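# Give the three-dimensional model of this entry:
(2 chains)
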2 protein chains.
Amino acid sequence: MKIFLVGEAAAHAGKLAARLACGADIMPLPREAAHAADHDHLIGAGDVVVSLRFRRPGAAPPFRLLHVPGAGLDAIDMGSVPAGATVCNVYEHEIPIAEYVSLAMLEWQIRLRELASRFDARSWSDLYRNRPPHAELYGKTLLLIGLGRIGGAIATRARAFGMRVLAVDAHARPPAGLVDGLFAPAQLDAALPLAGFVVISCPLTEDTRGLFNARTLARMRRDAVLINISRAEIAREEDLYAALRDGIIAGAFLDVWYRYPKAADDQVPPSSLPFLDLPNVVATPHASAWTVDLPWRRYAFIAANIDRLASGQPLANVVRAPLE
Amino acid sequence: MKIFLVGEAAAHAGKLAARLACGADIMPLPREAAHAADHDHLIGAGDVVVSLRFRRPGAAPPFRLLHVPGAGLDAIDMGSVPAGATVCNVYEHEIPIAEYVSLAMLEWQIRLRELASRFDARSWSDLYRNRPPHAELYGKTLLLIGLGRIGGAIATRARAFGMRVLAVDAHARPPAGLVDGLFAPAQLDAALPLAGFVVISCPLTEDTRGLFNARTLARMRRDAVLINISRAEIAREEDLYAALRDGIIAGAFLDVWYRYPKAADDQVPPSSLPFLDLPNVVATPHASAWTVDLPWRRYAFIAANIDRLASGQPLANVVRAPLE
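Okay, the predicted model is just below:
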């Protein structure tokens, strides 16, 4: 068995090798191998392809497993995948995203950066006598818009802090005790005024595009904070900017943006509006899941899945079973 | 029944009144009432005194309950308390302290403040293409020096983040699943090298004074972070400064200090050494438990306890039962 790592996946060959128990050869392929047949003669019927992308004009070689080294399948054309192949994906990003959201909520309440910056040795005695108190997460209400894998990881942590956890989700069936209240999407208006923190943790779909707009933002509490770690377009750009500028909501942690560079030398701003100049916005560069640990954990998962394939065990995270 | 709020407790009369169900009168007394007999003629045999301090040269009036509105009993002289009175205290500060420690660990790993400060609209495209990855809490090891109420609250949250939790404690009997390993104080040297985060969450006693010194700090990992939310003197001032300056440990979050102002116009520095100038120290002004929510929660607890007294129910948090 050979394992072909396509494009950026090739950079993680060492991580895969470190965890793989079966003795398969690991081989890099250029990014173009996801779309063109130039390397297909190398790929045999028992082999594995690891690639974020797969889309072919013609027939692909009959490999056994396409392992996507991420969660998103938008760059995979299932029609291009050989009928006999399994397609698997891998998550694990819910962990760093839930850590980022926890940090955002704690920082909003405690303001560690302000506590530390106000503290100097000369004014210590006066500061100690006149310390302004901060706030707690305990007992506050969190509303998750979307209770999938990411929402669930956030909920687990929020519960440990003694928060009341609510969620809006059409399909979720959370385990007992994970949330205190579950709302259908049609009940969003009733849920929004309940929460001090609202986290957008749903995918971008035609139903969620623009879900946060002037009307729904005005349903939030004036002291509420919006945290978006999903896709910017779930909140209407102009409406979110106006709500933050005008104090309709208290603040936001925004990790996702309205414009991304496409080509290698593209220069675009993250938004056409100056979100980064608003004092109540903490803006980060799509970094919430961007950790040193994530690719290690993902390639450990992929290695375990390939070992299962090699020993005939059922695979984990199958998103498409063989068609024949 | 009357309830006397002595000194700074008097500032919380509104909080107590908001939660008290029995119809007792709430009356302020000056700070001196903790130490002098001038107001004793007001205090009757069925009454309650709420005070952080109590120490008398002579006999005190025969009240029923001394409720300390905090955890510490160092300013209570039990010999001065009437023999027939119960003494209760109140905690709740473990919640904000555990939130502070969680924020400290998350901020060290994720560095939200750096992520946000590096992000500007003009360089967004280049930054997005070259985002430096940060770290996760998940899977990292936390060592708690002391597994009392505060250590337990920290452990609960750390477990939700998927950390490995170890503790050094002579007496703790933690519930199943709270910690992954429990060490006796004599095993400190074996425990220290295991952890990426070490939290001082034990009281200052003759056994813990100077527990962190040049020798024990050198047992910690070079990439480890020390968090002190207890008392500064548990870490030797010169040794901790040198360890941080010389990279013996990676960093520290220090909320407690070596020198505090005593009188109202006292001006002292927090340490004789320039801890605040070290780039790997996050210094805060004894603020970890200093929240808006804490006195509300404490006076709600005190109100419930006084209501129990009024209706003849057993009291909570009894630190000394009546002697007769």
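# Extract the C-alpha set from whichever helix or strand A:Asp307 is part of and format it as PDB.
Using DSSP states H and E, A:Asp307 sits within helix A:293-310. Output of helix A:293-310 as PDB, limited to C-alpha atoms (Å, rounded to 0.1, in the frame of the first residue of the first chain):
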ATOM      1  CA  ASP A 293      -1.200  20.900  17.700                       C
ATOM      2  CA  LEU A 294      -4.100  20.500  15.200                       C
ATOM      3  CA  PRO A 295      -2.200  19.000  12.300                       C
ATOM      4  CA  TRP A 296      -0.400  16.600  14.600                       C
ATOM      5  CA  ARG A 297      -3.800  15.400  16.000                       C
ATOM      6  CA  ARG A 298      -5.300  15.200  12.500                       C
ATOM      7  CA  TYR A 299      -2.500  13.200  11.000                       C
ATOM      8  CA  ALA A 300      -2.500  10.900  14.100                       C
ATOM      9  CA  PHE A 301      -6.200  10.300  13.300                       C
ATOM     10  CA  ILE A 302      -5.400   9.700   9.600                       C
ATOM     11  CA  ALA A 303      -2.700   7.300  10.500                       C
ATOM     12  CA  ALA A 304      -5.000   5.300  12.700                       C
ATOM     13  CA  ASN A 305      -7.600   5.200   9.900                       C
ATOM     14  CA  ILE A 306      -5.100   4.000   7.400                       C
ATOM     15  CA  ASP A 307      -3.900   1.300   9.900                       C
ATOM     16  CA  ARG A 308      -7.600   0.200  10.200                       C
ATOM     17  CA  LEU A 309      -7.700   0.000   6.400                       C
ATOM     18  CA  ALA A 310      -4.600  -2.100   6.300                       C
END
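# my read: A:Lys140 touches A:Ala158, true?
No - at 9.0 Å, A:Lys140 does not count as touching A:Ala158 under the criterion of Cβ atoms under 8 Å. Any C-beta I mention is one placed from the backbone N, CA and C, and that applies to glycine too.
# ok, and for stretch A:271-288, which residues are buried?
By 16 or more other Cβ atoms under 10 Å in any protein chain shown, the buried positions in stretch A:271-288 come out as A:271, A:273, A:275-276, A:278, A:281-288.
# Pull the residues that contact it.
In this structure, residues lying in contact with stretch A:271-288 by Cβ atoms under 8 Å, 6 or more residues apart in numbering or on different chains are A:96-97, A:100-101, A:104, A:107, A:229, A:232, A:237-238, A:240-241, A:244-245, A:250-260, A:270, B:112, B:115-116, B:118-121, B:124, B:127-128, B:131, B:134.
# and A:Arg118, what does it touch?
A:Arg118 touches A:Leu127, B:Pro285, counting by Cβ under 8 Å, 6+ apart.
# what's the neighbour count on the residue of the stretch 51-200 of chain A found nearest chain B?
Across the stretch 51-200 of chain A, no residue is closer to chain B than A:Ala160, which sits at 3.4 Å (Cβ to the nearest Cβ). Residues near A:Ala160, counting by other Cβ atoms under 10 Å in any protein chain shown, number 20.
# The one 10 residues further on now?
Counted with other Cβ under 10 Å, the neighbours of A:Ala170 add up to 12.
# Ramachandran angles for A:Pro203?
Dihedral angles of A:Pro203 (phi, psi; degrees, to the nearest 10) stand at phi -80, psi 160.
# who touches stretch A:100-107?
A:112-113, A:137, A:142, A:154, A:157-158, A:161, A:197, A:199, A:201, A:225, A:227, A:229, A:253, A:255, A:282, A:284, A:287-289, B:99, B:102-103, B:106-107, B:110, B:112, B:161.
# if you set the cut-off to 6 Å instead, what comes out?
For stretch A:100-107, the surrounding residues in contact (Cβ atoms under 6 Å, 6 or more residues apart in numbering or on different chains) are A:137, A:154, A:157, A:197, A:199, A:227, A:253, A:288, B:99, B:103, B:106, B:110, B:112.
# Take these and lay them out in CSV including pLDDT and distance to B:Gly148.
Shown next, in CSV, are these (pLDDT from 0 to 100; distance: Cβ to Cβ, whole Å):
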residue, pLDDT, distance to B:Gly148
A:Leu137, 98, 21
A:Ile154, 98, 29
A:Arg157, 98, 23
A:Phe197, 99, 30
A:Val199, 98, 33
A:Ile227, 98, 33
A:Phe253, 98, 33
A:Ser288, 97, 34
B:Glu99, 98, 17
B:Leu103, 98, 20
B:Leu106, 98, 23
B:Ile110, 98, 28
B:Leu112, 95, 30
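# rewinding a little: any idea how far the helix holding A:Asp307 is from the chain center?
Averaged C-alpha coordinates place helix A:293-310 at 19 Å from its chain's average position (Cα atoms, centre = their mean, to the nearest Å).
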